[in-house]
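A.B. asks: model this:
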Amino acid sequence: MIIAVDGPTASGKGTLAKALAAHYGLPHLDTGLLYRAVGRQVSLNGSDPDNATDALAACDFPETLLDDPELRTEFTGGLASRVSVHLGVRKALYERQRAFATQPGGAVLDGRDIGTVIAPEAEVKLFVTASVDARADRRFKEMQERGEDISWAEIAENLRRRDERDSTRAVAPLIPAPDAYQIDTSALGRDKAIAAAIAMVEDALKQA
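C.D. replies: Below you'll find the model as predicted:
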């Protein structure tokens, strides 16, 4: 069984994907981490994330980079969004994600184009959303806990810019698959959101 969980930054898709993976005993991949690694590598290379050639070169990042705590920063998240618009980057990372999705027994993947591009045949597709204010609240709390010096207003503006860039890009835009179950986590706590997601998965499996 493949479960695709898509949605914008800080919507809660990663939390739900991890919970679903644990609940159903499936491996989990945060595909956004791959793009963050490319963005981080671009930065380490002193290159331009808006340059397609520079971004593609950064796809050859070492595996150890995936453990770099810098990948979780707001700055690297912005770089990830910028490198992800390049077709070459998406092609370079496609096979890696596809192999994970189609492994024996299935998997849970979260990202922005899992249900539409990476695994359109997924038995279950969820599209997780939340208001910009709710997402900014979550991210601000997270950044404070990490000691990052960034204001709530900056985070909210960054989210709006990333939403615009991700949803309007020509290649694999952030849009729900036609058959995706949609869940708005703006007013949901962690446990209620997870329960709702599990209920949606169960319903999808009954419909299959």
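
A.B. asks: from now on I want contacts and neighbour counts done on CA atoms only, so please keep to that.
C.D. replies: Noted.

A.B. asks: quick one: residues contacting residue 180.
C.D. replies: Counting by C-alpha atoms under 8 Å, 6 or more residues apart in numbering, residue 180 makes contact with 115, 124-127.

A.B. asks: one more pass at 7 Å, please.
C.D. replies: Residue 180 sits next to 125-127 when contact means C-alpha atoms under 7 Å, 6 or more residues apart in numbering.

A.B. asks: do residue 3 as well
C.D. replies: With contact set as C-alpha under 7 Å, 6+ apart, residue 3 has these partners: 107-109, 122-125.

A.B. asks: distance of it from residue 18?
C.D. replies: Here residue 3 is placed at a distance of 11 Å from residue 18 (C-alpha to C-alpha, to the nearest Å).

A.B. asks: if we can go back for a sec, narrow the contacts of residue 180 to those in strands?
C.D. replies: If you go by DSSP state E, these have 125-127 in strands.

A.B. asks: relative to residue 202, how far out is the residue nearest the centre of the chain?
C.D. replies: Of all residues in the chain, the one closest to the mean position by C-alpha atoms, centre = their mean is residue 111, 3.0 Å from it. When distance is defined by C-alpha to C-alpha, residue 111 is 21 Å away from residue 202.

A.B. asks: tell me where the protein has strands.
C.D. replies: For the chain, the strands defined by DSSP E cover 2-6, 28-30, 107-111, 124-129, 181-184.

A.B. asks: distance to residue 162 and mean pLDDT for those - can I get that in a markdown table?
C.D. replies: Shown next, in a markdown table, are those (distance: least, C-alpha to C-alpha, whole Å; pLDDT from 0 to 100):
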| stretch | distance to residue 162 | mean pLDDT |
| --- | --- | --- |
| strand 2-6 | 15 | 98 |
| strand 28-30 | 18 | 95 |
| strand 107-111 | 14 | 97 |
| strand 124-129 | 14 | 98 |
| strand 181-184 | 18 | 97 |
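
A.B. asks: so which of those gets nearest residue 152?
C.D. replies: Between residue 152 and the strands of the chain, the shortest gap by C-alpha to C-alpha is with strand 124-129, which sits at 19.0 Å.

A.B. asks: ok, back up a step: among the strands of the chain, which comes closest to residue 86?
C.D. replies: Closest among those, using C-alpha to C-alpha: strand 107-111, at 16.2 Å.

A.B. asks: alpha carbons only: can I get the closest one in CSV?
C.D. replies: The C-alpha trace of strand 107-111 is given here as CSV (Å, rounded to 0.1, in the frame of the first residue of the first chain):
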residue,chain,number,x,y,z
ALA,A,107,5.4,3.1,1.8
VAL,A,108,4.3,6.5,3.1
LEU,A,109,5.7,9.6,1.4
ASP,A,110,5.0,13.2,2.1
GLY,A,111,5.7,16.1,-0.1
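
A.B. asks: ok, that strand: who's next to it in the sheet?
C.D. replies: Sheet partners assigned to strand 107-111 using DSSP bridges are listed as strand 2-6 (parallel), strand 28-30 (parallel).
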